[in-house]
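Enquirer: Coordinates for the following, if possible.
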Amino acid sequence: MTGSPQPRDNILAIAAYVGGDHTLPGVNRVLKLSSNEGAFGPPPSASAAYAKIAAELHRYPDGGSGALRTAIGSRFGLDPARIVCGTGSDELIGILAHIYGGPGTDVLMSMHGFTMYQIAGTYAGSRVIKVPERDLCTDVDAMLEAVTPETAIVFVAHPNNPTGSLLPQSEMLRLRAGLPSNVLLVIDSAYAEYVEAADYDAGVALVDAGDNCIMLRTFSKVFGLGGMRVGWGYAPAGVIDAINRVRGVFNVNLAAQAAAIAALEEPGWVEKCRTHNTEWRARLAAAITKAGAKVYPTEGNFLLVDFGTAAKAAAADAHLRKHGIIVRGMAAYDLPHCLRMTVGTAEECGMVADAVAGFMAQNTHD
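Expert: Below you'll find the model as predicted:
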């Protein structure tokens, strides 16, 4: 037999994930608002913990992230034994797809759900089915109707990225109750800390209701540790045991564990970030709406802005880049007419609002 090694056909069917841009040639000051990073960077205590650990970098980390799991459990009132940590929640998404999915199984996600679900499911060998949404929000009836004997996993982002939509708790409970007991419900609550909805539960109640649900969380957003790659999951003992059997032995590095523990202990950090986000999310949305573009309701730290056509969205993106502002095009999410914009600092929000208003004033007849 001759020829070069060939990947499986399903691997070549995957469109590689492309993160948000971070540089603009010829621009001195760049506002990177393409990756939904925290507006204020990392908590000071996390930066200090990261610096302090420098002398210990020759040591392997605790493979079970014991101290970090204890800190998470203490912060959120959860049993550390039912918590697992990962190299970002992305790693846990991939592991779950391989453990519970695979050839002959189906993975369900909403039409405009986080693209890592599609990548992970396809990589595992599952058939990934994108279920139509209702007003850019997960449609529980459609999701339940899509379940077949081949369904292995249902992914729901809560709230969703990139649309910012959030199902009421009553709908989450209805989805949970309607799934067969052998189907794993993955609730991805990466943006939980920003949610203001009174009835919101990030997933704890749904996890505790049975044996087939896991809640995923991250330190990459409100805790400002995107560069450290730390995520975690809360699940029934059986799911945690399965993940621990196959995850990387030292998957969360030493510095990441130290920084994450410190971030959890930073006084008032989450409250400060949430208060800022709530205020400036509304102010930025109002400014962009006044300028003439449509902004969808959101519970995250970002806005999904609809410019009507793919061409106009592309032109708006180019205009923002000329002003040193990087946002995220949404063609990969089947929303080519939209741009996603992170809620940054007050100054950054003002600059985005001015740039969008300038663009819309020049393109009111497009």
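
Enquirer: How about A314: what's its closest non-neighbour residue?
Expert: G329 (7.3 Å; CB to CB, 6 or more residues apart in numbering). Glycine gets a C-beta too; all of them are placed from N, C-alpha and C.

Enquirer: wait, what's in contact with the one you found?
Expert: G329 makes contacts with A313, A314, D317, P336, L339, as judged by CB atoms under 8 Å, 6 or more residues apart in numbering.

Enquirer: Show me the helices in the stretch 51-200 of the chain, by range?
Expert: For the stretch 51-200 of the chain, the helices defined by DSSP state H, counting those that start in this stretch cover 66-76, 88-100, 115-124, 140-145, 169-178.

Enquirer: what's the first one packed up against?
Expert: In this structure, helix 66-76 makes packing contacts with strand 83-86, strand 231-234, helix 254-265, judged by 3 or more CB pairs under 8 Å, 6 or more residues apart in numbering; DSSP states H and E.

Enquirer: Try it again at 7 Å.
Expert: Under the contact definition 3 or more CB pairs under 7 Å, 6 or more residues apart in numbering; DSSP states H and E, helix 66-76 sits against strand 83-86, helix 254-265.

Enquirer: so which of the ones you listed gets nearest P162?
Expert: Distance to P162, taken as CB to CB, is lowest for strand 83-86 among the helices and strands packed on helix 66-76, at 21.8 Å.

Enquirer: any idea how far that closest one is from the chain center?
Expert: 16 Å (CA atoms, centre = their mean, to the nearest Å).

Enquirer: got the residue ranges for the strands in the stretch 151-300 of the chain?
Expert: Assigned by DSSP state E, counting those that start in this stretch, the stretch 151-300 of the chain shows strands spanning 151-157, 184-188, 213-218, 231-234, 294-295.

Enquirer: With mean pLDDT, mean neighbour count and distance to A285 as new columns, can those strands be given to me in CSV?
Expert: Shown next, in CSV, are those (pLDDT from 0 to 100; neighbours: other CB atoms under 10 Å; distance: least, CB to CB, whole Å):
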stretch, mean pLDDT, mean neighbour count, distance to A285
strand 151-157, 98, 26, 20
strand 184-188, 98, 26, 23
strand 213-218, 98, 26, 24
strand 231-234, 98, 26, 28
strand 294-295, 98, 17, 4
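
Enquirer: For V343, which of the ones you listed is the nearest?
Expert: Nearest of those to V343, taken as CB to CB: strand 294-295 at 11.5 Å.

Enquirer: Would you tell me what the next helix or strand after that closest one is?
Expert: strand 302-306 (DSSP states H and E).

Enquirer: Check which strands are paired with that following strand and give the direction for each one.
Expert: Looking at strand 302-306 with DSSP bridges, its partner strands are strand 294-295 (antiparallel), strand 338-342 (antiparallel).

Enquirer: tell me the most buried of the ones you listed?
Expert: With neighbours taken as mean count of other CB atoms under 10 Å, the strands paired with strand 302-306 reach their highest mean count in strand 338-342, at a mean of 27.

Enquirer: Identify the residues contacting that strand?
Expert: Residues outside strand 338-342 that contact it (CB atoms under 7 Å, 6 or more residues apart in numbering): 33-37, 162, 301-307, 313, 316-317, 327-330, 352.

Enquirer: residues in contact with the nearest residue to R59 once chain neighbours are set aside?
Expert: The shortest distance from R59 to any non-neighbouring residue, by CB to CB, 6+ apart, is to L254 (6.2 Å). Residues near L254 by CB under 7 Å, 6+ apart: I53, E56, L57, R59, P61.

Enquirer: among these, which ones are buried?
Expert: Buried members of the contacts of L254, counted by 16 or more other CB atoms under 10 Å: I53, P61.

Enquirer: check contacts around the most centrally placed residue in the chain.
Expert: Centrality entry for the chain: nearest residue to the mean C-alpha point is A190, 4.8 Å, by CA atoms, centre = their mean. Contacts for A190 (CB under 7 Å, 6+ apart) come out as S89, N161, R217, T218, K221.

Enquirer: So what's the predicted local confidence for it?
Expert: Among the per-residue scores, A190 shows a pLDDT of 97.

Enquirer: how far away is it from L216?
Expert: Here A190 is placed at a distance of 7 Å from L216 (CB to CB, to the nearest Å).

Enquirer: Report the set of residues contacting both of those two.
Expert: Shared contacts of A190 and L216 (CB under 7 Å, 6+ apart): S89.

Enquirer: Can you name the two of the contacts of G329 that sit furthest apart?
Expert: The widest separation within those, taken as CB to CB, falls between D317 and P336 and amounts to 10.8 Å.

Enquirer: so Y50 makes contact with A259?
Expert: Yes. At 4.7 Å, Y50 counts as touching A259 under the criterion of CB atoms under 7 Å.

Enquirer: ok, those two, which is more surrounded?
Expert: Neighbour count, other CB atoms under 10 Å: between Y50 and A259, A259 has more, with 30 against 21.
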